[in-house]
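Asker: predicted model and sequence follow; I will ask about them next.
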Amino acid sequence: MPEPAAPNRAATAAKIAANPAAYKVCEGCDSIVGSGTSLCPNCHGYRFDPASERVVLQARILGSREQTSVTADDLN
């Protein structure tokens with residue numbers, strides 16, 4: 001059984017779900033990025049789904065599990 005997500009991850013997901021218009025979901029890697037982003041910082045994709053329903057769904061998914069992706073902080 002997977003470990004529960006860290007509290008800060010769940011809090012971030014709740015913040016995103018409360019204001020989905022400020023975010024969009026990368027169609028390449030399913031990361032959530034700011035609405036002004038034109039290139040995903042994780043996969044360098046450029047196709048996004050800005051639908052509020054999709055952002056809220058993805059925030060709930062990501063907020064309920066451990067991080068599995070590599071971030072820029074992990075590479076330093």
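Answerer: Alright, I've got the coordinates.
Asker: strands of the protein, residue ranges please.
Answerer: Shown for the chain, the strands assigned by DSSP state E span residues 23-26, 32-34, 48-49.
Asker: now these as JSON lines including mean pLDDT, mean neighbour count and distance to Ala11?
Answerer: To be clear about C-beta, it is placed using only N, CA and C from the backbone, and glycine gets the same treatment. As requested, these are exported to JSON lines (pLDDT from 0 to 100; neighbours: other Cβ atoms under 10 Å; distance: least, Cβ to Cβ, whole Å):
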{"stretch": "strand 23-26", "mean pLDDT": "98", "mean neighbour count": "23", "distance to Ala11": "15"}
{"stretch": "strand 32-34", "mean pLDDT": "96", "mean neighbour count": "17", "distance to Ala11": "14"}
{"stretch": "strand 48-49", "mean pLDDT": "98", "mean neighbour count": "18", "distance to Ala11": "23"}
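Asker: nearest to Ala59, of those?
Answerer: strand 32-34 (6.2 Å; Cβ to Cβ).
Asker: any chance of a markdown table for the strands of the chain, columns distance to Glu66?
Answerer: Formatted as a markdown table, the strands of the chain follow (distance: least, Cβ to Cβ, whole Å):
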| stretch | distance to Glu66 |
| --- | --- |
| strand 23-26 | 19 |
| strand 32-34 | 16 |
| strand 48-49 | 23 |
